[in-house]
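Undergrad: Starting from these lines, generate the structure:
(one chain, ligands or ions: 2)
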Amino acid sequence: MNPRVVLFGGTFDPPHIGHLLMAQLAHEETQAEVWWLPAPVPPHKLDAPPATPYDVRVEMVRALVAGHSGMQVSTIEAELPKPSYTVDTVAALRQRHPGTSFLFLIGSDSLAALDTWHEAARLTEAVSFLVAVRSGYPFAATYERMRSKLPRLVAQPLEMPLIDVSSSWIRERAARGLPLCGVVPEAVVRIWRRACGASNSFARACSGCGSGGDAVKGEGSVARGTEAG
Ligand SMILES: Nc1ncnc2c1ncn2[C@@H]1O[C@H](COP(=O)(O)OP(=O)(O)OP(=O)(O)O)[C@@H](O)[C@H]1O
Ligand SMILES: O=C(O)c1ccc[n+]([C@@H]2O[C@H](COP(=O)([O-])O)[C@@H](O)[C@H]2O)c1
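TA: Numbering: from 1, shown residues only. Ligands and ions are numbered 1, 2, ... in the order given. Next comes the predicted model:
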């Protein structure tokens, strides 16, 4: 059988336990490696781009997955044209890894908007989707509605309890100086705080934020194509 890989794209500003749980359960359910793909320029967030630089988001994802087997972080999207269209990423990965079949992991809110993705019909011919449910977007109804727009779409639900947290909710709490209570692991929060001397407006507002004297490397200094991808 062809090797299989689960691709997990996201903004990850910041990555949180919802992301980690869905990746872990996807790994268990498929027995496939999960490749995390932080997006340098998320296509649906052009009006409100992530406050946290790409390098810092990559470093936070690495910290989140550290010690979890079957997970890798790919910076392939740093090499590809911007915005980071998934259809381009999948095409590049298929070219580099012929014979590997890819599944794309998303939340059901992303499934509900799949028809608005760049070249969505072509994307559905290249990958199938594994979907973690999010509140307000039940899998079956969302899938059915999207199949009427994208007839080649193939998606399956991921067996997962509803974890109703999001990066935007976390950013709001942190901006108000409220505790994150483990929703973002401490190792990840530390990286955020270290970056606060740079352009990370969220970390600047974060309680306990230091001077940023030990700030992480600047934008563009991420090693290209490290680990997976
Ligand atoms: N708690 C969650 N349960 C299920 N899917 C999730 C969850 N959080 C994020 N996802 C999915 O993971 C992918 C990447 O998410 P992203 O990095 O945008 O995080 P987010 O929490 O949705 O961020 P934001 O609130 O800033 O939009 C998306 O497909 C999203 O639907
Ligand atoms: O290709 C597109 O047009 C497209 C539109 C919206 C989202 N995506 C991808 O979906 C993943 C989750 O996106 P987001 O914005 O929820 O973090 C991430 O990998 C994005 O690049 C891709």
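Undergrad: Now the closest residue to ligand 2 within the chain: closest residue in space that isn't a chain neighbour?
TA: Proximity to ligand 2, evaluated over the chain using C-beta to the nearest ligand atom, is greatest for G9 at 2.0 Å. The C-beta positions use only the backbone N, C-alpha and C, and glycine is treated the same way. Excluding its sequence neighbours, the residue lying closest to G9 (C-beta to C-beta, 6 or more residues apart in numbering) is L37, at 4.3 Å.
Undergrad: Give the residue spans of this structure that score low on pLDDT.
TA: Scanning the chain for pLDDT under 70 picks out 1, 196-227.
Undergrad: which SS class is A51?
TA: Put simply, A51 is coil when judged by DSSP: H, G, I helix; E, B strand; the rest coil.
Undergrad: hang on, it packs against D13?
TA: Yes - the pair A51 and D13 passes the contact test of C-beta atoms under 8 Å, sitting 6.8 Å apart.
Undergrad: Now do the SS call for the nearest residue to P50 once chain neighbours are set aside.
TA: Among residues not flanking P50 along the chain, D13 sits closest, at 4.2 Å (C-beta to C-beta, 6+ apart). The three-state label given to D13 by three-state DSSP is coil.
Undergrad: which residues sit in contact with D13?
TA: 50-52, 57, 167, 171, 202 (C-beta atoms under 8 Å, 6 or more residues apart in numbering).
Undergrad: Distance check, it against H44.
TA: From D13 across to H44, the span is 13 Å (C-beta to C-beta, to the nearest Å).
Undergrad: again with V127
TA: For V127, the distance to H44 equals 18 Å [C-beta to C-beta].
Undergrad: So which of the two has more stuff around it?
TA: More crowded of V127 and H44, by other C-beta atoms under 10 Å: V127, with 20 against 14.
Undergrad: in the biggest helix by length in the chain, what counts as buried?
TA: What stands out as the longest helix in the chain, according to DSSP state H, is helix 17-30. Neighbour-count burial for helix 17-30 flags 17-27, 30 (criterion: 16 or more other C-beta atoms under 10 Å).
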